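Trainee: kindly generate the corresponding structure for this input.
(chains A, B and C)
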Amino acid sequence: MRYDHLISAKQLSREDIESVLDRAAEVAADPGAFADTHAGTLLGLLFFEPSTRTRMSFDAAMKRLGGDTIDMGSVDSSSVKKGESLADTVRVIEGYADALVLRHPSEGAAKLASEFVDVPVVNAGDGAGQHPTQTLLDLYTIRENAGLDGLRIGIVGDLKYGRTVHSLAHALTNFDAEQHFISPESLRLPRGIRYDLQSSGTTVREHTEIEDALEDLDVLYVTRIQRERFPDENEYRQVAGEYRIDSALLESAAPELTVMHPLPRVDEIAPEIDETARAAYFEQAHNGIPVRMALLDEIL
Amino acid sequence: MRYDHLISAKQLSREDIESVLDRAAEVAADPGAFADTHAGTLLGLLFFEPSTRTRMSFDAAMKRLGGDTIDMGSVDSSSVKKGESLADTVRVIEGYADALVLRHPSEGAAKLASEFVDVPVVNAGDGAGQHPTQTLLDLYTIRENAGLDGLRIGIVGDLKYGRTVHSLAHALTNFDAEQHFISPESLRLPRGIRYDLQSSGTTVREHTEIEDALEDLDVLYVTRIQRERFPDENEYRQVAGEYRIDSALLESAAPELTVMHPLPRVDEIAPEIDETARAAYFEQAHNGIPVRMALLDEIL
Amino acid sequence: MRYDHLISAKQLSREDIESVLDRAAEVAADPGAFADTHAGTLLGLLFFEPSTRTRMSFDAAMKRLGGDTIDMGSVDSSSVKKGESLADTVRVIEGYADALVLRHPSEGAAKLASEFVDVPVVNAGDGAGQHPTQTLLDLYTIRENAGLDGLRIGIVGDLKYGRTVHSLAHALTNFDAEQHFISPESLRLPRGIRYDLQSSGTTVREHTEIEDALEDLDVLYVTRIQRERFPDENEYRQVAGEYRIDSALLESAAPELTVMHPLPRVDEIAPEIDETARAAYFEQAHNGIPVRMALLDEIL
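Mentor: As a prediction, the model looks like this:
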């Protein structure tokens, strides 16, 4: 175990990442071999924001390892409403569980929590901050479909606010990847992140049209553009329309292009893509299980 | 296993029904013998509408078989709020669980879900549609208390909207049962269903007064009449009062008459009936466990 | 097993209490020895009011014993909304679980529930009534830190409405303890309770200033003063300020004074106390696990 807590994808070296992904591959190849490896272990699930896939996949991952979970439930049904601080909440629950998974609307929440408890803390999303297990399952999916070294990836959508995008882009600097960022002007990758990527020696390209980058890509990573980002409904619709992925658009892509999406999607990818060999987004969600099993196995 | 998914009571032949009920009887006779038969199995609970008894009894049934569950939680705390389609939700969660139990406000939801996933789907209620495991536990309870062949059953209450009633009535056509339907005019059994029943050779009688059918019945199946069905509060009260089951009313019934109710009840059955030998409604709810254990055992 | 249900701390004799605390100490010393003692047991969690620590700690306790739980979920997602009576709800769920843990806003709810079911019922808080497992973990914490016989305890805060305080005060009459009650005039211990304590031979002292009692105390048990109790915001602030525990205040306390709090706290104890040897409130919360494991082990 190289780390006590998993707070940010930034803390992971190439070696750390490969260690989790290799373990995840072992799990995926033979899940039964891990079925009772953590019997008696309790994982505390603390989701201060709604979540389906992340919460359920940690829940399933722990149970697939033979352990069990205890769930704080929604904030509405918890002591948080009585004004308890996050530090107090986690210091109580660390006495009930062997590790904690935390999602919280405030950036830095998982880091703060980790400073108050002795059990491992896994960040499952802290506001605009980090969501490192999403990054690990993204990397796993990329590695399975296209390979990480020499990768040419296009990341589309809301590049300004998307924590998923920021974590993934940063993690990919550990590999020899060429990164294309495709977004409307108003949702461009923050300058500081672009600078970080370039400083690490990564090739970074920015585009406003998907077509300008598409034919050279191995992976197209699509993210949701949120209506709330646009003051004007019409402007939103125009942008959403331009960045919609459908069969017509993908005609100019390489035959082996892989399409990914962290889900949930609304309209960003046409359903006609779902049944094609390009679609990896459900597989990507499913990879949450072996990747989180591997991670829990490492830190527990 | 004769079916991959359980969507509707209509898909069950007499043989299918008897297979589940026989298995349920084995479970009830010796639950311990099934205690570890499905260790390592994960059941996904997806309840898009509130539910206590159905959700908890599937949860308990899976755990009594040695397996475990993962629960989507309420819709308010899930990705559904972000606009995700049902098809996407179930395609994600099928990667986490070995089977799915689905309740949804829209008729046809379970059928739709079953077309998108490879794991078994059990319909736990789809709007005005079907709720087949309720029907199976009803049949089990009838079989234990009165027998199915030669049965004379009276079904009372809201016969127009009650999905429980429709499924049960249909399932009973597999047996030689005489069906009496007792309701106010405005809540009569839909004509199409009456026609279906008669076409199958079932004897169907309709009444507006319980007394007109009562003395010939083996089972009285009571359902709730919902206030919302009546434009006028006074009209509701009058109807609710007429169909209330109490000791005085049951004086003219056969001594071995069994009273059932899918629960929750509000005022339809007087508490004085609870302690009598006629009351089978709590037993009926409890039968959800062996019946759902038997069903899960069949489809997993 | 001396009792079928645990409804009130009042039903527990000194012998009963010591039996649970001794068992809890065994559990705390070697939790692994209890890890599979209740495999196959299902505990039903029925929380009609929000709860984090009590619900999660029962959940964890049952799972640490090798069993599992089924959770009714929040009232909003249950049949209760359809107007079902508590008696009906518990009579249904007793068919799913081997014991029930109940929290309910109405005083007397757990007692009522216990009269309708055959499985053991544990009261996890009934309105202004009782919360006996909180009392047991309080007693356990006191015994570990200061000993119960010859104890000098000061109980601070809302002594009028706090069910935790009332249960603890009563339970301590089984031991040779001197009880100091410290509160603003408007939140004094109810006269009836003071009378009960004195009748049992307990030495009872009342104070309005913490300083008047502090130097003689072994344990200072702090409770939250709720804003809602005061018609006037200013009055609340003044009182809350006066009863705030910080390092300056504790200078005149005995070196081995233990500070307890049932949590959640808001501002009653300054964070600077958390890291001192006096602070026992997180340990107190954690003691919920061995104490509830011991209790479940006794009644199951």
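Trainee: grab the most central residue of chain A for me.
Mentor: Centroid-nearest residue in chain A, with Cα atoms, centre = their mean: A:Q134, separated by 2.0 Å.
Trainee: next up, the contacts around it.
Mentor: A:Q134 makes contact with A:T54, A:G125, A:T164, A:S167, A:L168, A:P262, according to Cβ atoms under 8 Å, 6 or more residues apart in numbering or on different chains. Where you see a C-beta, it was placed from the backbone N, CA and C, and this is true even at glycine.
Trainee: run the chain-centre distance for the helix or strand harbouring it.
Mentor: Element membership for A:Q134, per DSSP states H and E: helix A:132-145. For helix A:132-145, the separation from the chain centroid amounts to 8 Å (computed by Cα atoms, centre = their mean, to the nearest Å).
Trainee: then stretch A:246-260?
Mentor: For stretch A:246-260, the distance to the chain centre is 22 Å (Cα atoms, centre = their mean).
Trainee: got it, and stretch A:254-267?
Mentor: Counting by Cα atoms, centre = their mean, stretch A:254-267 comes out at 14 Å from the chain centroid.
Trainee: do the same with stretch A:236-245
Mentor: 23 Å.
Trainee: output that stretch as PDB - backbone C-alpha positions only.
Mentor: Taking C-alpha atoms only, stretch A:236-245 is exported to PDB below (Å, rounded to 0.1, in the frame of the first residue of the first chain):
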ATOM      1  CA  TYR A 236     -27.500  26.100 -25.000                       C
ATOM      2  CA  ARG A 237     -29.500  24.300 -27.600                       C
ATOM      3  CA  GLN A 238     -27.200  25.300 -30.400                       C
ATOM      4  CA  VAL A 239     -24.100  24.200 -28.500                       C
ATOM      5  CA  ALA A 240     -25.700  20.900 -27.400                       C
ATOM      6  CA  GLY A 241     -26.700  20.200 -31.000                       C
ATOM      7  CA  GLU A 242     -23.200  20.900 -32.300                       C
ATOM      8  CA  TYR A 243     -21.600  18.500 -29.900                       C
ATOM      9  CA  ARG A 244     -24.000  15.700 -30.300                       C
ATOM     10  CA  ILE A 245     -22.300  12.400 -31.400                       C
END
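Trainee: just the buried positions in it, please.
Mentor: For stretch A:236-245, the neighbour count (16 or more other Cβ atoms under 10 Å in any protein chain shown) marks A:Y236, A:V239, A:A240, A:Y243, A:I245 as buried.
Trainee: give me the contact status of that stretch with chain B.
Mentor: No: under the criterion of Cβ under 8 Å from any Cβ of the partner chain, chain B is not reached by stretch A:236-245; the shortest gap measures 12.1 Å.
Trainee: in stretch A:263-278, what counts as buried?
Mentor: A:L263, A:P264, A:R265, A:E268, A:I269, A:I273, A:D274, A:R278.
Trainee: what is the nearest of these to C:N174?
Mentor: Nearest to C:N174 among the buried residues of stretch A:263-278 is A:P264, at 56.1 Å by Cβ to Cβ.
Trainee: what helix or strand is that closest one on?
Mentor: Counting by DSSP H and E, A:P264 is part of no helix or strand.
Trainee: where along the stretch 151-300 of chain A do the helices fall?
Mentor: Secondary structure of the stretch 151-300 of chain A (DSSP state H, counting those that start in this stretch): helices located at A:163-172, A:191-199, A:211-214, A:233-242, A:247-250, A:281-286, A:288-299.
Trainee: of all these, which lies closest to B:T203?
Mentor: Comparing the helices of the stretch 151-300 of chain A under Cβ to Cβ, the one sitting nearest is helix A:281-286, at 50.1 Å.
Trainee: now whatever residue of chain A ends up closest to chain C, nearest residue through space, not along the chain?
Mentor: The nearest approach of chain A to chain C comes at A:G95, 3.0 Å away (Cβ to the nearest Cβ). Closest residue to A:G95 apart from its sequence neighbours, by Cβ to Cβ, 6 or more residues apart in numbering or on different chains: C:H286 at 3.0 Å.
Trainee: what is the neighbour count of that neighbour?
Mentor: Using other Cβ atoms under 10 Å in any protein chain shown, C:H286 has 21 other residues around it.
Trainee: one step back: please pick the buried ones from the contacts of A:Q134.
Mentor: The buried subset of those - by 16+ other Cβ under 10 Å - is A:T54, A:G125, A:T164, A:S167, A:L168, A:P262.
Trainee: check contacts around A:R143.
Mentor: A:L21.
Trainee: correct me if wrong, but A:A110 is in a helix.
Mentor: Yes: A:A110: assigned to a helix according to DSSP: H, G, I helix; E, B strand; the rest coil.
Trainee: I'd say it and A:V121 touch.
Mentor: Yes: A:A110 lies in contact with A:V121 (Cβ atoms under 8 Å); the separation is 5.9 Å.
Trainee: spatially nearest residue to the residue of chain A positioned farthest from its centre (excluding sequence neighbours)?
Mentor: Largest separation from the mean C-alpha position in chain A: A:K82, at 31.4 Å (Cα atoms, centre = their mean). Closest residue to A:K82 apart from its sequence neighbours, by Cβ to Cβ, 6+ apart: C:P264 at 5.0 Å.
Trainee: the one you found and A:I17, how far apart?
Mentor: Going from C:P264 to A:I17 by Cβ to Cβ, to the nearest Å gives 38 Å.
Trainee: same question, A:L148
Mentor: 9 Å.
Trainee: re the thing from before, list the contacts for the residue nearest to A:G95?
Mentor: Contacts of C:H286 (Cβ under 8 Å, 6+ apart): A:V92, A:G95, A:Y96.
Trainee: how about the secondary structure of the last one?
Mentor: So the one you mean is A:Y96. Classified using three-state DSSP, A:Y96 is coil.
Trainee: which strand or helix spans the closest residue to it other than its chain neighbours?
Mentor: Nearest residue to A:Y96, sequence neighbours excluded (Cβ to Cβ, 6+ apart): C:A60, at 4.1 Å. If you go by DSSP H and E, C:A60 is part of helix C:53-64.
Trainee: contacts for that helix?
Mentor: Outside helix C:53-64, the residues that touch it by Cβ under 8 Å, 6+ apart are A:40, A:42, A:44, A:68, A:70-73, A:79, A:92-93, A:96-97, C:31, C:34-35, C:38, C:41, C:43, C:45, C:47, C:68-69, C:71, C:101, C:103, C:122, C:124-125, C:131, C:133-134, C:263-264, C:285, C:288-289, C:292-293, C:296.
Trainee: same question for stretch A:207-222.
Mentor: Residues contacting stretch A:207-222 (Cβ under 8 Å, 6+ apart): A:138, A:142, A:145-147, A:151-157, A:165, A:168, A:180-185, A:205, A:242-243, A:245, A:249-250, A:252-254, A:256-261, A:265, A:268-269.
Trainee: rewinding a little: of the contacts of helix C:53-64, just the buried ones, ChimeraX syntax please.
Mentor: Buried subset of these, written as a ChimeraX selection, criterion 16+ other Cβ under 10 Å:
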select /A:40,42,44,68,70,71,72,73,79,92,93,96,97 /C:34,38,41,43,45,47,68,69,71,101,103,122,124,125,131,133,134,263,264,285,288,289,292,293,296
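Trainee: what residues sit buried inside stretch A:134-154?
Mentor: Quick answer for stretch A:134-154 (16+ other Cβ under 10 Å): A:134-146, A:148, A:151-154.
Trainee: quick one on the thing from earlier: what's the separation between the residue nearest to A:G95 and C:E144?
Mentor: Counting by Cβ to Cβ, the gap from C:H286 to C:E144 is 11 Å.
Trainee: now name the helix or strand holding the nearest residue to A:F116 once chain neighbours are set aside.
Mentor: Nearest residue to A:F116 in three dimensions, chain neighbours excluded: A:A87, at 4.7 Å (Cβ to Cβ, 6+ apart). Secondary structure from DSSP H and E places A:A87 in helix A:86-93.
Trainee: relative to helix A:86-93, how tilted is the next helix or strand after that helix?
Mentor: Using DSSP H and E, the helix or strand that follows helix A:86-93 in sequence is strand A:99-104. Here strand A:99-104 points in a direction 150 degrees away from that of helix A:86-93 (axes from the mean of the first three to the mean of the last three Cα atoms, to 10 degrees).
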